[in-house]
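[1] Have a look at this fold, sequence not included:
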């Protein structure tokens with residue numbers, strides 16, 4: 001689901017962080033010195049078709065999901081041979097690492113929980129065919145998965161599991177809506193999800209305690225999102241446009257920006273979240289101010 005060029009870029013940022021951590025303040029260094037015109041890839045990660053990337057909590061290694069399996073790389077020596085987790089016939093679309101660094105979650109034909117130290121599957125969680133994204137809650141107690149392509153479309157939605165027991169704790173199903181991205185709020189009680197159907201692409205907040213749903217965005221049919229660290233703002237992007245929502249208020253027309261030089265495929269926050277980068281389908285990289293949405 002993620003693009004190879006994004007993986008290369010993220011690898012560059014990770015490696016730069018590992019090198020600079022002991023010498024300079026990373027946040028100020030990145031914001032002051034990184035320019036999209038000077039960023040150069042250091043390596044290509046994984047074999048097969050790369051689908052997703054996740055960091056270990058200590059920032060010293062990261063995992064890349066591919067069609068062949070999951071590869072773990074040392075961020076301090078990215079050219080060293082990676083550790084490999086063979087996932088067999090499962091087609092991977094998403095991975096996540098638990099906040100304590102103990103577990104790896106993989107999503108594809110279903111959701112699997114792996115013990116990272118042993119490389120052994122410790123649980124299988126049924127969320128239906130077509131798992132598109134997985135995410136651990138910040139407290140590590142929950143694992144959420146979204147689905148988008150079940151055979152009959154009836155089971156499209158959100159599934160939330162208890163990590164310790166593997167039991168299903170919460171579901172939110174919307175037949176014929178493709179759910180493809182999920183993000184937890186810091187309280188571990190709410191999630192931000194993106195979906196798509198033939199006419200719209202809602203971004204919604206779902207309360208896992210009450211089941212209450214609040215829709216933020218209905219722009220276009222493919223919306224994606226990033227929750228800013230203050231948890232009071234959400235960046236939404238689709239097609240050629242960015243939108244910023246200051247929660248709990250709805251969309252402010254003043255907080256909109258268009259980027260007509262390419263179709264947006266990904267955004268990522270820099271440390272401190274004062275800036276974010278965007279990546280287009282044509283491979284163009286740009287830097288933006290998170291407050292004003294100005295380039």
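    Structure's in. What do you need? Fair warning: this is a prediction, and the values are worked out from it, not measured in the lab. Residues are numbered from 1 along each chain as shown.

[2] pLDDT weak spots in the stretch 151-295 of the chain?
    For the stretch 151-295 of the chain, the stretches flagged by pLDDT under 70 are 151-154, 176, 197-201, 217-223, 248-255, 260, 271.

[3] Which parts of it are helices?
    With DSSP state H, counting those that start in this stretch, there are no helices along the stretch 151-295 of the chain.

[4] where do the strands sit along it?
    Taking DSSP state E, counting those that start in this stretch as the test, the strands found in the stretch 151-295 of the chain are 157-162, 168-173, 178-184, 190-196, 203-207, 213-217, 224-227, 233-238, 241-246, 256-258, 264-269, 275-280, 285-289.

[5] what about the ones you listed, which gets the closest to residue 102?
    Residue 102 lies closest to strand 157-162 among these, at 15.1 Å (Cβ to Cβ). All C-beta spots, glycine's among them, are computed from the backbone N, C-alpha and C.

[6] Which strand residues bridge the residue nearest to residue 286 when sequence neighbours are not counted?
    Leaving aside its sequence neighbours, residue 286 sits nearest to residue 278 (Cβ to Cβ, 6 or more residues apart in numbering; 5.0 Å). Under DSSP bridges, the beta-bridge partners of residue 278 are residue 267, residue 286.

[7] can you pull the contacts of residue 278?
    Going by Cβ atoms under 8 Å, 6 or more residues apart in numbering, residue 278 touches 237, 242, 259, 264, 266, 267, 285, 286, 288.

[8] hmm, try it at 7 Å
    Neighbour list for residue 278: 259, 264, 267, 286, 288 [criterion: Cβ atoms under 7 Å, 6 or more residues apart in numbering].

[9] Then residue 234?
    Residues near residue 234 by Cβ under 7 Å, 6+ apart: 192, 216, 225, 227, 228, 245, 247.

[10] Distance of the closest residue to residue 115 other than its chain neighbours relative to residue 85?
    Leaving out its chain neighbours, the residue that sits closest to residue 115 by Cβ to Cβ, 6+ apart is residue 122, at 5.1 Å. With distances taken as Cβ to Cβ, to the nearest Å, residue 122 is found 13 Å from residue 85.

[11] For the two, indicate the residue with more neighbours.
    Between residue 122 and residue 85, counting by other Cβ atoms under 10 Å, residue 85 is the more crowded of the two (21 against 13).

[12] who does that one bridge with?
    Going by DSSP bridges, residue 85 forms beta bridges with residue 70.

[13] how long is stretch 213-233 from one end to the other?
    Chord length of stretch 213-233, first to last residue, is 17 Å (Cα to Cα, to the nearest Å).

[14] Kindly report the same for stretch 225-245.
    10 Å.

[15] For that stretch, buried residues please.
    Using 16 or more other Cβ atoms under 10 Å as the test for burial, stretch 225-245 gives 225-228, 233-238, 241-245.

[16] Please enumerate the shared neighbours of residue 122 and residue 85.
    Residues touching both residue 122 and residue 85 (Cβ under 7 Å, 6+ apart): residue 114.

[17] Buried residues in stretch 116-134, which are they?
    Neighbour-count burial for stretch 116-134 flags 116, 123, 125, 127, 128, 130, 131, 132, 133, 134 (criterion: 16+ other Cβ under 10 Å).

[18] From the chain's centroid, how far away is stretch 61-80?
    Put simply, stretch 61-80 sits 17 Å off its chain's centre (Cα atoms, centre = their mean, to the nearest Å).

[19] Can you give me the buried ones in it?
    Applying a neighbour-count criterion of 16+ other Cβ under 10 Å, one finds 61-66, 69-75, 78 buried in stretch 61-80.

[20] from the residues you listed, which two are the most distant?
    Farthest apart among the buried residues of stretch 61-80 by Cβ to Cβ are 69 and 75. That separation is 19.3 Å.

[21] in the stretch 1-150 of the chain, which spans are helices?
    In the stretch 1-150 of the chain, helices defined by DSSP H, counting those that start in this stretch lie at 4-20, 26-33, listed in chain order.

[22] Could you tell me the least trusted of those helices?
    Lowest mean pLDDT of those: helix 4-20, a mean of 41.

[23] what's the distance between the residue nearest to residue 276 when sequence neighbours are not counted and residue 115?
    Nearest non-adjacent residue to residue 276, counting by Cβ to Cβ, 6+ apart: residue 269, 4.9 Å away. Using Cβ to Cβ, we find residue 269 at a distance of 30 Å from residue 115.
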